[in-house]
Structure formats: C-alpha cells, structure tokens
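what follows is a predicted structure for the sequence shown.
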Amino acid sequence: MEKDLLELGKVVAIHALKGEIRLQPWCDTPDFAAGFKKVYLDGRPVKVRSARPHKNIVIMHLWGIDTAEAAQTLVNKVLYISRDQVSLPEGSYFIADLIGLKVVDADDENRVYGTLTEVSQTGANDVYHIRFADGKTRYIPAIPQVVIQTDLQNGMMKIRPLEGLFDD
C-alpha cells in the first residue's frame, strides 16, 4: 500500500539562533533531502526557506520558524515529503513501500519465507531483513541474483536465495 507522505528525516537539533534546524535525512543522501521547496510537518505543508547539506545532515530553515525557541519545538519531529514530489528510476523503490511485503520463493509461490521488515543500507548493496514464521530474522542481499521480482501491487517479493543463505 502506497503512502501519500514519505519520511524525509528527523529534526535532531537546532542550528544557530535564527530558527535553522539540523535534519538527519532518512534517504540516500543529504543532497537529496536538501532539494525540496516544501516539506510536511504534522501533516501540514511548510515552505522551505533554505536547505543545504552539511556532512551527513541538512541545515534547513523553514518559513515561520525564525527563533531558536521556535526551532527547538521541532526537535525529534519527523519531516515528510509528498510522494508526487519525487520520481524514482525504473526498478527502484521507496523503502516505505518495501516494508511489509510478503517474501516468497521465485520458483514456488506457495513457499513463503516471511515478511520484509527492514532495509539496511550498507553501501555496496541494501540488505533486506525478513522475519520468518518462526520469529527469526534472516537477511538477503538486495541484488538481482536474489531478488527476482518486486510486485508492490500484490504486496509480494519473489526471491531465489543463494545456496546456504538460510541454513542455520
């Protein structure tokens, strides 16, 4: 199920005294997170006055937030973007859309491995966390040799595990 709003990141601190905030981005890069003219806070749209990447965070100034005290009220809040503000290349997915997918065997859909519960971004390739029926979490690399098909419409991911991947 697609959500209209996607998490952009979390406000972790204020920056200086004029209302700027420090945003920890929950996306691929701080550059990406700094590229929006509008974000959503508590479900309401807010215009971005300025945003710039700084190391692994984004220094952001929102319209209407002009003091350190006002910025402090945003600490620990999550900022969102609208899904229609961004487009992904073919074969790329929002993590929010992957969470909750049923993971099945590519050669036998009746063989259900479990549910995709988390995505770790390691640099080389993402790693998908799959919660099996026995409660254990197992991991698969998000590479084309393993992930055969991602079907968001039907809530399913078809995989072909590498030999020994799920051996305990």
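The structure has been received and is ready for your questions.

adjacent strands (with direction) for the longest strand along the chain?
Using DSSP state E, we find that the single longest strand of the chain is strand 108-121. The pairing partners recorded for strand 108-121 under DSSP bridges are strand 102-105 (antiparallel), strand 126-132 (antiparallel).

relative to residue 90, which of those is closest?
For the strands paired with strand 108-121, proximity to residue 90 was assessed by CB to CB; strand 126-132 is nearest, at 16.7 Å. Glycine gets a C-beta too; all of them are placed from N, C-alpha and C.

quick check: angle from the following helix or strand past that closest one to strand 108-121?
Where DSSP states H and E defines the elements, the next helix or strand beyond strand 126-132 is strand 137-141. Between strand 137-141 and strand 108-121, the angle comes out at 80 degrees (axes from the mean of the first three to the mean of the last three CA atoms, to 10 degrees).

distance between strand 137-141 and the chain's centre?
Mean-position distance between strand 137-141 and its chain equals 18 Å (CA atoms, centre = their mean, to the nearest Å).

pairing partners for that strand, with directions?
Pairing partners of strand 137-141, with direction, according to DSSP bridges: strand 126-132 (antiparallel).

thinking again about what came up before, mind exporting the C-alpha coordinates of the longest strand of the chain to CSV?
Extracted in CSV, the C-alpha atoms of strand 108-121 (Å, rounded to 0.1, in the frame of the first residue of the first chain):
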residue,chain,number,x,y,z
ASP,A,108,7.3,-21.8,-5.9
GLU,A,109,5.0,-19.0,-4.7
ASN,A,110,3.4,-21.4,-2.2
ARG,A,111,6.8,-21.4,-0.3
VAL,A,112,6.5,-18.3,1.9
TYR,A,113,9.7,-17.2,3.6
GLY,A,114,8.3,-14.4,5.6
THR,A,115,7.8,-10.6,5.7
LEU,A,116,10.2,-7.9,4.8
THR,A,117,10.6,-5.9,8.0
GLU,A,118,13.6,-3.6,7.5
VAL,A,119,16.1,-2.4,4.9
SER,A,120,19.8,-1.8,5.8
GLN,A,121,21.8,0.4,3.5
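
what is the mean pLDDT for that strand?
Here strand 108-121 scores 95 as its mean pLDDT.

so how far is residue 163 from residue 80?
From residue 80 across to residue 163, the span is 41 Å (CB to CB, to the nearest Å).

ok, the two, which is more surrounded?
Between residue 80 and residue 163, counted using other CB atoms under 10 Å, the more crowded position is residue 80 (20 against 6).

I appreciate the help and will end here.
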